[in-house]
Structure formats: C-alpha cells, structure tokens
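# Provided below are the primary sequence and the corresponding predicted coordinates.
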Amino acid sequence: MNITDLTVYELKEKLDKKELTVKQITQAYIDRIIEKEPDVNAFVTPLTDTALEQADKIQEKIDNGEISATYSGIPIGIKDNICTKGVKTTCSSKMLENFVAPYNATVTEKINAEGMIDLGKLNMDEFAMGASTEYSAFKKTRNPWNLNKVPGGSSGGSAAAVAAGLVPWALGSDTGGSIRQPASFCGVVGLKPTYGLVSRYGLVAFASSLDQIGPITKDVRDSAMLLNVIAGHDEKDTTSIQTEKKDYTKALKNDVKGLKIGVPKEYFGEGINSEVKAALEKAIDEYKAMGATVEECSIPIADYALATYYIIACAEASSNLGRFDGIRYGYRTPNYESLKDIFVNSRTEGFGAEVKRRIILGTYVLSSGYYDAYYKKAQQVRTLVKKEFDKAFEKYDVLITPTSPTVAFDIGVRSNNPLEMYLADICTVSVNIAGLPGISIPCGVDSQGMPIGMQIIGKHFDEETILNAAYTYEQRVKFRDKYQPEFKNK
Amino acid sequence: MPREDYEVIIGLEVHSELSTKTKIFCSCPTEFGGAPNTHTCPVCMAMPGTLPVLNEKVVEYAVKAGLATNCEISRNSKNDRKNYFYPDLPKSYQISQFDKPLCEHGYVEIETENGPKKIRLTRIHIEEDAGKLNHDPYGRGSLVDLNRAGVPLIEIVSEPDLRSSSEVEMYMKKLKSILEYIEVSDCKMQEGSLRADVNVSIRPKGSSKLGTRTEMKNMNSFRSIVRAIEYEVDRQVEVIDNGGTITQETLRWDDVSGRTFSMRDKEDAQDYRYFPDPDLVAIKLSDEYIENIRKNLPELPESRKERYIAEYSLTEKEANILTASKYLSDMFEKASKICGNTKAVANWLLSDVSRILNEKEWEPDRIPFAAESLAELITLIEKGTISSAIAKKVLEEMFETPEKMPSKIIEEKGWVQISDEGAIKEVVLKILAANMQSVTDYKAGKDKALGFLVGQAMKETKGKANPQMLNKMFVEEINKM
Amino acid sequence: MEVSKEEILHIANLAKLKLKEEEIPEYIKNLQDILNFANIVNKAPIDGLDTAIGAIDNYNVFRKDEIKVFEDNKALLQNAPEQEDNMFKIPKVI
C-alpha cells in the first residue's frame, strides 16, 4: 500500500481502524514531497519541518480523546492566497514575499479546528491572475502528467500537488476557473462552490464578486468531505449566505437515473479541441447509459461572458490591489525620496507584468468616460448571464461542458500572449459571473496521455446534485484506476 | 465692481462623526484618543483578505439625521468605493456612497435677518473616516496612525443656497444642534467630529449663471469658516475685478496667516473611479423600519424652543439661545429641575455663563462643570449664603476648577456672606461715621446716598455682607440720628 | 479602440504604476487588444436590464454595534517596512 495514493476517505478509515498513525501518514507525505517536489515545484512555503511535530501533537490529542473532529491528522495543502497566521502568505508575488498575516482566514480556522496538518502553502499565478501558474513570481509549477506542461492556474500548485500525491487534498480559489481548469489539466477533482457558500474572509481578494474558495481532491467523495469542512455562513463575510449545514457525502447516491442534463452547444463549437470534444461526448454517452436524460441546449452568452468577466474582474482587482502601497506591509521600494515614489515604485517593482496589465485594464474601464461603455455594460451582461442560466435550469438539473477548450499546454507557449491566455477561461467564467457551483472531474486522456476535464454546472446552492452526478460517473469509469500521472519529462 | 454688487453663493459639505461605539466596518472602538494604532484590527488596517461588515447603528443614525432634516429616505441604497491613494487611506479606497445615498432632498431652516430661510440638502450619505498623519518629532518623516480609520461619518451636502458667511454660521450651528439633539453625533469641533468643506463662488447680482467655485476643505471652527469665506470672497472679487478668472480648485485655509493657499497638484488629476463595493450587499430599508425611527426621534430644537416659551415664559430670543445647543439646553433643564428656579437658571446661562463662553471663544459643550453645580450656586444665593456679586466670582472659579462644587469653593475662599447682625451693625456704624455728608444727603431726600453707603459697606466687607441687611440697618441707624 | 500614449500614462498615474518608455507601446497594444475583444459587451442584448453588482442578491447584512478588541495588536505592525512609535513611517507629507 502506498499511503500517498490513498484518498482522504481511505486514510481516515485506516486512521479510525488504527491501521495507520497520523505520524505515518505525515511522514509518507514528507517523503513524497522530498522525492517529487523538485520535479513539480508546487510549494511556495513547504511546512514539512513543522508537520511532524504537529502530527505528534495531534496523535496525542487523538489518543487522549481530546479531538473528536472528523479529519484530525489528515494533511492538507493551502493555496498561498489564503491567510495563515504566523506563516507567510505571498500570493506568489514579490509584493508579499515576506508577508505574514496577523490573522487566519475563516477557512484556515476551520482547517485548524479539524486538527488537519498543514503541509504548506501552494504556488499560484500572482494574485490568482493567470491560467498556467507561470505568472508566479517565484517558480513555475510543472504538470505531474508531463513536466513540460503547465498545471493550469491559477491554483496550479494545489492541483499539481494533489495529482502528484504531495498532499492528499488542497484548498484552491476560483475567480474565473482557477480551481476547475488546473484540476482538469492535472486529472483531479476541483469544485467551485456557489458564490456565498464558503467564506471569503482571509482570501486575498482578486475579484470580490467572483472569488470563491473550494476543494481540490483526488476524487468526488473527498471533494464532498472537504466541502463539509469549509462551507457555512461567516459573519465576517456579508456575501456569505446563511444556509443549513449539510453533509454533502450523503448526496453521493451513485445513481443518476432521471437526471436531466443540458449540454449547451455553445461550449462545443469552434475553439474546442477535437479530442476534448470527443472525450466529452463519450462521457455524455455514459450518462445516457446510466439512465440520465440528455438534451442539447443553447445558452447564447458564452461570447459576452468572457469579455464581461475580464471587465468586472479587472475593475475589482484594480481597486482591491490598491492597498499594496508600500506603507503598512508588503514590498517597499528602496528607491524613494517622496511619498509618491513609495506608491509608484513599490507597486511598479512589486507587481509582475500580468498583474499590472490587469490593473491598467481595470483602472481604464472604471475611469471617467469609459465606465458606462465597459463596466456598466458588463454589469448588465451579468444580469443577462444570470437570466440565461436561470432559464436553462428551469429545464435541466445540471449542465455539462468541457472544463477547458484544451488539455494542458506547454510551459512558455502562452505566457507572452495575454489574450490567448484569457481564452483558456472561456468555459469556466460564466459560472463565476452567475455565481453557480461547478465541478471539474477527469473524463479521459488525449492521445498524449494528458487528462481531459468535464465541467458539471448546477443550480445555486445545489452542490449535492453536481457532486452526485460527478460521483456516479466517477464510479462508472474509474479514471484513477486507469490513469496515473507519470512525471514524464520529454 | 464693488463687493456689494456681487452675490455670494456657498454650498457646504458637512462631515459629522457618528457616535457609535464601534467603527463603520469593523468592531474596533471609535473612542477619541488612545495610543497610536491601538484601536485597530486587520479590517481597518486593510490587511489583505479582510472584509467590511456594516455597523447597523450607522444606518440607523444616518436615517435619523435624514428624518430630522426633512429628507426622503432611500428604500434602496448601497456602498460604493471611491478610489485614490493617500497614506491615511489604508485600502486606497474609501467606502462611501455615490449614486444611491441613504437620504436625499431635505432641508433645514435658519433664522436670518429677513426671516426664516430654508437651506436645501442635496443628500446625506454614510462613509468611513481616514486615519491621521502625525509628524515625526525630528522632522524626518510622517507617521500614520489608523485609530480614526473607519470611524463612521455622515456627509451632509447642501445645495448652493447660502448667501453669506453669517448664513453659513447659522446653518452650521443649526445642523450641529439637530445632530446633537437626535444624539447621532457629539459634534465636538475641536476633535474634528464636525467639519465642513466650503464651496464658494460669486456672481454679479441679478445673474443666474453660477460662477466658478473654489473649495476649502476640512474647516473645523465657526470662526475659521467665517473668516475663510470672507477672505475667499474678497479674493475672488479682486481676481475678477482685475480681469482674471477663478480657477476651480481646492484651497487650504491657513488660520495663522488668514489666507487661503492652493492645494492643487497638477500631476494628479483626480478620477475617483466610483463603483459599487462588491464586498458589501445592498441596503434595503422598509417603510416599517423608517417609520419606527421616525416615531422614536427625540425632541428637536424647534419644539423644545416652543415649549420653553410657553412653559417658562422665556422670550423667543432667550429660548433660541438656550436651545441652539443641546448641551446648554440639557443643562438648563437639569439644573432647573434640581434647584426649582427656572428663571434664575435661564438668567445665569444667558448672561454670565454666556459671557464667559464668549470670552473664551468656547462652544457651550465645553462648559466644564455639571448642572448640579449651577443648581447649587443658585440655591446658595437663595439661601443667602452668598450674594449675587460673590456668586459671579464663584462662577469664574467653577470654570477653573469644575470638579469643586460651589459650596466647596466658597468654603475654601472664605466667601460666606456676613449675615450676623452684630457684625453688620459694626460695619454700618463705621461707614456712617466716615460719611456724614451722605447721611445729610439722604435725610435731604437724596435716595442715591443710601446706595453709596451700601456700596462702601460692601467694599469694606469685600462683598460678603448681606446687602438686604445692610440696606435695612443703614435706614434704621440714620433714622436714629 | 484607440488608446493614446497620453491616455495610458494617465491611467498608469491613477493606478500608481510607472511605465517605462519602452514598455508603453506594448501596454497600449495589450490594452487595445483586450478592449477590442471586450467591446463585444456592447453587442449583448441588454436593453432594459438592471446592473448586477454581485452573483447573489442578498441584502441588509449588518453587524451589531459591539466592541471586539483585536487580540493581537502587535502583529498588526509586524509587516511594516518602517515604523516609529507604533506608527507606519513614511516620507514627510506636507
């Protein structure tokens, strides 16, 4: 048995039966990190030095019956834009290279309350802006399936770490696809919850009205389990919704008979790679075979959604990133005489190129004379997008699309073409605009053995239905039994 | 063209700090003072990842202010971000309200020489205060203290309805008084909890076109506001008379030199890029919520004034002065209740207390002693323990040592009135012996002579002799002669 | 969509970013490309639609006016690039 191959569900079973100790599990992950991290580069700040100590403490608490939380002793990795008190939170930016948050994010509190063991902070595109993790100021994370390819982004470190077995599960954040797209590129499961289901308090904001934290896991059951931990209303986040506490694992019925699936044709047109399309079509056939009803439908907003996404996300980001001014925390330029130098030089030197591009775009669309033409229009399109989805969900329980138009691309090929990089988000952004839940699960590999992701979109706060749909498919095709990352290097 | 031929147009943006216990978007205390950055938390320090949560009292207080100033209350409102960089603004945006303020279309009435005048209010909105920049004692830099960052403010924007500095002063005083009465702000101007941005322009009388305006920011005393407006109007008249044009700009009033300075930074054209704050949800107020606040509004100065005229037979002018400041009015009511002599309390507040406040250039809320002290002072006079003359001296002392009750001051100073017959007689005889001419005069029918004798006796006793007793005894002794 | 050099410098100034002379053409091109692409929002059938601020429509989420003192006040200044007397130090502002 290889400990790092086990799902959290399996780990927990073995912990409960005392077949494994917290220390054994933690040690196995540390060994795996030592072995594979040099290839993958998933961590910004590994916490392997403190993990064993933490493991001992938690084991002791378990032995003394002091902890009764469900996931005590299970290791986890956390995307580096989620604040962890006493540990650096860098957002993979030079701006926050040495920043230690004075408080914990609400999700961090929840992870800690469970007694999980934090294995480290995971790499990402700087301030979550990107689709390949190449925009990290510190390192390029590689895709465990093929080390020359990107892991996707912005939660590339989280997805790669789960795929490579460096952590059993991880937290990511998703603003326009940043959980689902890297999950798809790395052959793992990524869930973006409904906007408002998980507290954003302590998530360093990229675009406040779109950001949402979610789990990246080996399989669907783990996804439901981690969602159980992080979901719930938080009085510190007014956009988090008061909902009843659910056990999402109860939704996993392994049965989709009668499930009404809509397949929006706009997501299967031009620009979608033919192998991706073929894999999706095959997956849809599986659903039919399992007793779901499948119908092609139309959601004619895909064209507008991406433009709207970039306008809204960049506008909000331009304001959210104003606080990085070199005064209270973060990078301060050594080159200054005046206050203005501190502002301008700290920001110019502290932010990477992509972040600056987006701040410029966001500032432009909010500036006098352009607000109505761009920002205001985009907010109206947002209403349109919501309405179109509402209409679709009158007929269907879930919608199925590819997660990404392509599989993982080679490192370096897109990083110099911002617009092309933006197109990687075409299938995922409308879900954020409408605030819907979406999950990406692997549904095959292409001719080069790279994983392909299927996105299942659900109604607001109906994570249960998409989790069950994903789980039922997963049980049928058993992707993990057939394919494993090979750390190819060609 | 002489200044009288110009019409002065003034509009005000008044900022008032709300007297909530906590800040607008976090649970830090709003208390004034405190060591630097001790009233802060990750939210008001704008730590990455933090989020604002709106204080319900801020909405309530703003609605109160709106109702007390005859505003319409918006059923649908929201918070917007105003983006600009400044070291006292930690998020680099101020959460304010742009196109959907909580209150709109109100007015307040002022009493001008030509009768009552309505000053229209454009809007009242809620926003957060910024922090404070202190100067490093060695002059090497500035130091940022964020204790004030996030203290709730309302901004009250008037229409350009004000026509003179005295109207501005009346308007500001009226606003201050309303805000104090409804208990949403303590309006302590010296602590900056009431301050105004003043927009001034001029135009030839009869013209309907508005002139270019200049704005003077953050004025926090009535006196400075009046002086600044006078200066700025003169300046604008001079510029125009010399064939120049007024530039729309922000000015800084300097109290020491008595002039305004341009604050314009040519490099930094402003564009605040307002947009709805996605971290905060909409504010939707129900009729029920608004009516409930309306029902529970405390008594406003207008109605208190009318009550004073009716119940205490005060003149309109007296009632006006007493009710202009809630602090003064509350003191009047409390002291009256304790000592039972409304007329005397009113007299003391309107004459001697007001005189001392004027000398000190203080607002009534800086009266340092409690209503209990004033009530005791009046009771001591009534009981004959002290004379009115001594009482005036006691009042001066009460301003210096407000913690001491009048009885304590009298005791320490040895100012207790002489009411002992033997002692009074001794003084009377001594004065009579020295002023025989006055005795003759009095007997000849010159009543004034008695006043002179009493005055001499008061001088002799340093004002401590009971004047009624002196009077009586002088008459008795002269009649014996 | 044409973006002039003057405009991009104005925008950069608002955002407190400095663009090097040699970077300006690239920034202009990027911005133009994205704006040209984003212009599609002007073709969307949005007549009469309200603007949506966020993804969800909840409202009136307030906090009680109760003081909670942040327990780790010291940590708030631990990241300061420069400080003095528990305040953030910056060059002199007139």
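Arrived safely, thanks for sending. Numbers count the residues shown, from 1 in each chain, chains lettered A, B, ... in the order given.
# what about the longest helix belonging to chain C and chain A, touching?
Ordering each helix of chain C by length in residues (DSSP state H) puts helix C:24-38 first. Yes - interface with chain A: helix C:24-38 contributes C:Tyr27, C:Asn30, C:Leu31, C:Asp33, C:Ile34, C:Leu35, C:Phe37, C:Ala38 (Cβ under 8 Å from any Cβ of the partner chain). Where C-beta positions appear, they are placed from N, C-alpha and C, glycine not excepted.
# Which of the helices and strands in chain A ranks last by mean pLDDT?
helix A:418-423 (a mean of 76; mean pLDDT, DSSP states H and E).
# Report the distance from it to the chain centre.
Offset of helix A:418-423 from its chain centre (Cα atoms, centre = their mean, to the nearest Å): 19 Å.
# May I see the buried residues of that helix?
Buried residues in helix A:418-423, counted by 16 or more other Cβ atoms under 10 Å in any protein chain shown: A:Pro418, A:Met421, A:Tyr422, A:Leu423.
# just the residues you listed now: which is nearest chain C?
Nearest to chain C out of the buried residues of helix A:418-423 is A:Pro418 (Cβ to the nearest Cβ; 5.7 Å).
# hang on, that closest one packs against C:Gln32?
No - contact criterion Cβ atoms under 8 Å: A:Pro418 and C:Gln32 do not qualify, at 11.7 Å.
# show me the contacts for A:Ala315.
A:Gly362, A:Val365, A:Leu366, A:Tyr374, A:Tyr375, A:Ala378, B:Phe275 (Cβ atoms under 8 Å, 6 or more residues apart in numbering or on different chains).
# so of these, which ones are in helices?
A:Gly362, A:Val365, A:Leu366, A:Ala378.
# Run a quick neighbour tally on the nearest residue to B:Glu477 once chain neighbours are set aside.
Excluding the flanking residues, the one nearest B:Glu477 by Cβ to Cβ, 6 or more residues apart in numbering or on different chains is B:Val428, at 5.6 Å. A count of neighbours around B:Val428, defined by other Cβ atoms under 10 Å in any protein chain shown, yields 26.
# wait, B:Val428 sits on B:Phe474?
Yes - at 5.7 Å, B:Val428 and B:Phe474 qualify as touching, with contact defined as Cβ under 8 Å.
# quick one: the strands in chain A?
Under the criterion DSSP state E, strands of chain A are mapped to A:43-46, A:75-79, A:117-122, A:169-174, A:189-192, A:212-217, A:260-264, A:293-297, A:398-402, A:438-445, A:451-457.
# Spatially central residue for the chain, please.
No chain was given, so I picked chain A. A:Ile179 (2.0 Å; Cα atoms, centre = their mean).
# not quite, I wanted chain C
C:Ala15 (7.2 Å).
# before we move on, the earlier item: can you select the buried ones among the residues of helix C:24-38 next to chain A for me in PyMOL?
Of these, the buried ones can be selected in PyMOL as follows, counting by 16+ other Cβ under 10 Å:
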select buried, chain C and resi 27+30+31+33+34+35+37+38
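# which among the residues of helix C:24-38 next to chain A gets closest to chain A?
C:Ala38 (4.3 Å).
# can I assume that closest one is in contact with A:Tyr309?
No - in this structure, C:Ala38 is not within contact of A:Tyr309 by Cβ under 8 Å, at 9.6 Å.
# Please identify the residue of chain A positioned nearest to chain C.
For chain A, Cβ to the nearest Cβ, closest residue to chain C: A:Gly435, 2.5 Å.
# count of residues packed around that residue?
27.
# follow-up on the earlier one: please list all residues in contact with the residue nearest to the centre of chain A.
A:Ser155, A:Ser158, A:Ala159, A:Gly172, A:Ser173, A:Gly190, A:Leu191, A:Lys192, A:Gly214, A:Ile216, A:Ser440.
# go again using 7 Å as the cut-off
By Cβ atoms under 7 Å, 6 or more residues apart in numbering or on different chains, A:Ile179 lies in contact with A:Ser155, A:Gly172, A:Ser173, A:Gly190, A:Leu191, A:Lys192, A:Gly214, A:Ile216.
# go on, B:Gln456?
Taking Cβ under 7 Å, 6+ apart, we find B:Gln456 in contact with B:Ile431, B:Asn435.
# wait, is it part of a helix?
Yes - assessed by DSSP: H, G, I helix; E, B strand; the rest coil, B:Gln456 belongs to a helix.
# Apart from its chain neighbours, what residue comes closest to the residue of the stretch 351-481 of chain B found nearest chain C?
Nearest residue of the stretch 351-481 of chain B to chain C, counting by Cβ to the nearest Cβ: B:Asp365, 22.9 Å away. Counting by Cβ to Cβ, 6+ apart, B:Asp365 lies nearest to B:Tyr327, which is 4.1 Å off, once chain neighbours are set aside.
# Could you do A:Tyr422 as well?
A:Tyr310 (6.2 Å).
# what does A:Asn112 give?
A:Asn104 (6.9 Å).
# excluding its backbone neighbours, what's nearest A:Ser430?
Going by Cβ to Cβ, 6+ apart, A:Ser430 has A:Ala305 as its nearest residue, at 3.9 Å.
# doesn't A:Thr428 make contact with the one you found?
No - in this structure, A:Ala305 is not within contact of A:Thr428 by Cβ atoms under 7 Å, at 9.6 Å.
# neighbours of A:Leu166, just the number please.
30.
# ok, it touching A:Ile34?
No - assessed by Cβ under 7 Å, A:Leu166 is found out of contact with A:Ile34, at 9.9 Å.
# and A:Phe185, how many neighbours?
Neighbour count for A:Phe185, taken as other Cβ under 10 Å: 36.
# Report the separation between A:Leu6 and B:Arg75.
56 Å (Cβ to Cβ, to the nearest Å).
# biggest strand in chain C by residues?
strand C:87-90.
# Got phi/psi on B:Trp415?
Recorded main-chain torsions at B:Trp415 are phi -100, psi 10, according to degrees, to the nearest 10.
# for residue 83, phi and psi?
No chain in the question, so chain A it is. According to degrees, to the nearest 10, A:Cys83 has phi -70, psi 130.
# I was thinking of chain C, sorry if that wasn't clear
Torsion angles at C:Gln83 (phi, psi; degrees, to the nearest 10) stand at phi -140, psi 160.
# give the contact list for it.
C:Leu77, C:Lys89.
# State the pLDDT value of it.
Per-residue pLDDT puts C:Gln83 at 94.
# ok, it to B:Gly141 distance?
Taking Cβ to Cβ, one finds C:Gln83 at 11 Å from B:Gly141.
# which neighbours do these two share?
What both C:Gln83 and B:Gly141 touch, as defined by Cβ under 7 Å, 6+ apart, is the set C:Lys89.
# Name the nearest residue to the residue of chain A closest to chain C, sequence neighbours excluded.
Closest to A:Gly435 by Cβ to Cβ, 6+ apart is C:Ala55, at 2.5 Å.
# Can you give me the neighbour number for that neighbour?
As a measure of burial, C:Ala55 has 23 neighbours, counting by other Cβ under 10 Å.
# which SS state does it fall under?
Assignment for C:Ala55 (three-state DSSP): coil.
# shouldn't it be in contact with A:Tyr195?
Yes - look at C:Ala55 against A:Tyr195 with Cβ under 7 Å: they come within range, at 3.9 Å.
# joint contacts of these two?
Counting by Cβ under 7 Å, 6+ apart, the shared contacts of C:Ala55 and A:Tyr195 are A:Gly435.
# Could you list the contact residues of chain C toward chain B?
Residues of chain C found near chain B (Cβ under 7 Å from any Cβ of the partner chain) are C:14, C:16, C:53-54, C:58-68, C:70, C:73, C:76-77, C:84-93.
# again but with chain A, I slipped
Neighbours of chain B within chain A, by Cβ under 7 Å from any Cβ: A:83, A:101-103, A:105, A:200-205, A:208-209, A:235-239, A:315-316, A:319, A:322-323, A:325, A:327-328, A:339, A:343, A:363, A:366-368, A:375.
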